[in-house]
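>>> can't give you the sequence, but here's the structure:
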């Protein structure tokens with residue numbers, strides 16, 4: 001049973017905590033991490049699905065990869081955690097990997113599409 005079947009009408013990707021004061025800094029930190037095979041950061045590629053920040057400043061990131069067999073699958077969550085952890089005020093960082101929903105090129109930002117020559 002997939003997520004959509006469990007709760008009808010629930011989004012496949014949980015919403016981010018965009019109104020948290022640390023949100024923009026966390027996004028900018030995610031933009032410093034690059035997929036080694038694609039010259040675009042993981043945030044603009046659309047690999048970061050959710051940035052949830054608790055009132056205690058715990059940062060929970062749900063992300064994916066361009067493909068499940070990506071050679072850096074085991075390392076990428078650590079790279080993201082290492083980028084976010086030094087932000088002043090962040091108490092703890094947890095990065096979870098998911099492949100539901102699978103990543104698609106339609107998840108890229110316009111900047112990423114332009115950079116890769118798709119626009």
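Everything's here; your move. Treat the numbers as computed from the prediction; the structure is a model and nothing was measured.
>>> I'd guess residue 113 is in a strand, am I close?
No - looking at residue 113 with DSSP: H, G, I helix; E, B strand; the rest coil, it is helix, so not inside a strand.
>>> test my guess that it contacts residue 119.
Yes - using CB atoms under 8 Å, residue 113 makes contact with residue 119 at a distance of 4.6 Å. The way it works is simple: take the backbone N, C-alpha and C, and place the C-beta from them, glycine included.
>>> tell me which stretches of the protein form helices.
Listed in chain order, the helices of the chain (DSSP state H) span 3-6, 23-30, 76-84, 110-115.
>>> need those in a markdown table with distance to residue 63, can you?
Shown next, in a markdown table, are these (distance: least, CB to CB, whole Å):
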| stretch | distance to residue 63 |
| --- | --- |
| helix 3-6 | 16 |
| helix 23-30 | 8 |
| helix 76-84 | 7 |
| helix 110-115 | 15 |
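>>> out of these, which is closest to residue 36?
For residue 36, the closest of these is helix 76-84, at 9.1 Å, according to CB to CB.
>>> returning to what we had before: any chance of the helices of the chain in JSON lines with mean neighbour count as columns?
What follows is the helices of the chain, written out as JSON lines (neighbours: other CB atoms under 10 Å):
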{"stretch": "helix 3-6", "mean neighbour count": "11"}
{"stretch": "helix 23-30", "mean neighbour count": "18"}
{"stretch": "helix 76-84", "mean neighbour count": "19"}
{"stretch": "helix 110-115", "mean neighbour count": "15"}
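>>> which residue, other than its chain neighbours, is closest to residue 38?
In this structure, residue 38 finds its nearest non-sequential neighbour in residue 45, 6.5 Å apart by CB to CB, 6 or more residues apart in numbering.
>>> with residue 111 instead?
Leaving aside its chain neighbours, residue 111 sits nearest to residue 44 (5.3 Å; criterion: CB to CB, 6+ apart).
>>> so what's that neighbour up against?
Neighbouring residues of residue 44 by CB atoms under 8 Å, 6 or more residues apart in numbering: 31, 108-109, 111-112, 115.
>>> farthest pair in those residues?
Spatially, the most separated pair among the contacts of residue 44 is 31 and 108, at 13.3 Å (CB to CB).
>>> ok, those two, which is more surrounded?
Taking other CB atoms under 10 Å, residue 31 and residue 108 do not tie; residue 108 has more neighbours (22 against 15).
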